[in-house]
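Novice: Turn this into a model:
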Amino acid sequence: MRFVIADSDAREEVIQAWYMDDSNEDQRLPHHKDPKEFISLDKLAELGVLSWRLDADNYETDEELKKIREARGYSYMDFCEVCPAKLPNYEEKVKSFFEEHLHTDEEIRYCVAGSGYFDVRDRNEAWIRVWVKKGAMIVLPAGIYHRFTVDSDNYIKAMRLFVGEPVWTPYNRPHDHLPARKEYVDNFVKVAGDRAIDTSA
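Specialist: Next comes the predicted model:
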């Protein structure tokens with residue numbers, strides 16, 4: 001017999017998010033606050049961060065992935081493997097990925113093996129750590145400040161998707177003058193402030 005929990009979210013088995021502490025310890029550690037402060041995937045969506053749980057063992061034939069790619073125009077696809085054996089100058093690369101930056105296009109990553117952390121800023125500039133594991137797909141919107149690191153397992157294999165020809169250029173903070181940043185602020189930061197004003201009026 002199979003039991004289904006009414007409010008369960010299958011994504012949470014492969015994606016978890018929490019507010020980070022202020023420690024300067026190894027970036028690959030979880031960096032939970034004490035006590036731990038988790039954040040729902042719906043709250044992440046309010047920041048423009050979208051997520052899915054997909055069948056990573058059958059990504060070549062997965063109809064759900066195909067539908068997402070068609071609906072969002074993700075015509076380009078390749079794979080990136082981050083681990084000491086596959087990435088030259090591994091430690092330097094891992095540190096460079098952890099520099100806070102933004103992109104002028106979406107960043108789409110589908111974890112098909114391993115795990116890693118994507119950190120994003122909330123509306124109050126606090127860091128939220130998003131832990132993705134095998135089967136997790138996330139979309140970071142253009143203009144959001146973020147960074148990436150492997151976790152203590154030091155291994156992730158991710159599918160990278162893109163609309164048209166890929167542009168991976170990172171713009172390290174500050175780049176608030178870029179149109180993509182201004183659009184992100186208007187759509188996801190100011191909108192929330194306006195809602196708060198309307199609610200209290």
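
Novice: what comes up buried for stretch 19-26?
Specialist: Within stretch 19-26, the residues that count as buried by 16 or more other CB atoms under 10 Å are 19, 20, 21. All C-beta atoms are positioned from the backbone trio N, CA, C, and that covers glycine.

Novice: Tally up the residues packed near residue 178, please.
Specialist: Using other CB atoms under 10 Å, residue 178 has 16 other residues around it.

Novice: List the buried residues in whatever helix or strand residue 110 lives in.
Specialist: Per DSSP states H and E: residue 110 is located in strand 107-121. Buried residues in strand 107-121, counted by 16+ other CB under 10 Å: 107-121.

Novice: which other helices and strands contact that strand?
Specialist: strand 127-133, strand 136-140, strand 146-150, strand 156-162 (3 or more CB pairs under 8 Å, 6 or more residues apart in numbering; DSSP states H and E).

Novice: Buried deepest among those strands, which one?
Specialist: Most buried of the helices and strands packed on strand 107-121, by mean neighbour count (mean count of other CB atoms under 10 Å): strand 136-140, with a mean of 24.

Novice: gap between that one and the chain center?
Specialist: Computed by CA atoms, centre = their mean, to the nearest Å, the separation of strand 136-140 from the middle of its chain amounts to 5 Å.

Novice: What is that strand packed up against?
Specialist: strand 50-53, helix 63-72, strand 107-121.

Novice: TSV please, covering these and showing distance to residue 146 and mean pLDDT.
Specialist: Conversion of these to TSV gives the following (distance: least, CB to CB, whole Å; pLDDT from 0 to 100):
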stretch	distance to residue 146	mean pLDDT
strand 50-53	14	98
helix 63-72	19	98
strand 107-121	5	98
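
Novice: Ok, which of those comes nearest residue 175?
Specialist: Residue 175 sits nearest to strand 107-121 of all the helices and strands packed on strand 136-140, at 13.2 Å, using CB to CB.

Novice: strands paired with that closest one, and their directions?
Specialist: strand 127-133 (antiparallel), strand 136-140 (antiparallel), strand 146-150 (antiparallel), strand 156-162 (antiparallel) (DSSP bridges).

Novice: Quick one: mean pLDDT over the third one.
Specialist: Per-residue pLDDT over strand 146-150 has a mean of 98.

Novice: Now do it: everything it contacts.
Specialist: 27-28, 82-83, 94, 97-102, 107, 114-121, 140, 156 (CB atoms under 8 Å, 6 or more residues apart in numbering).

Novice: ok, the nearest residue to residue 53 once chain neighbours are set aside - contacts?
Specialist: The shortest distance from residue 53 to any residue other than its chain neighbours is 4.5 Å, reached at residue 11 (CB to CB, 6 or more residues apart in numbering). Applying CB under 8 Å, 6+ apart, we find residue 11 in contact with 41, 51, 52, 53, 136.
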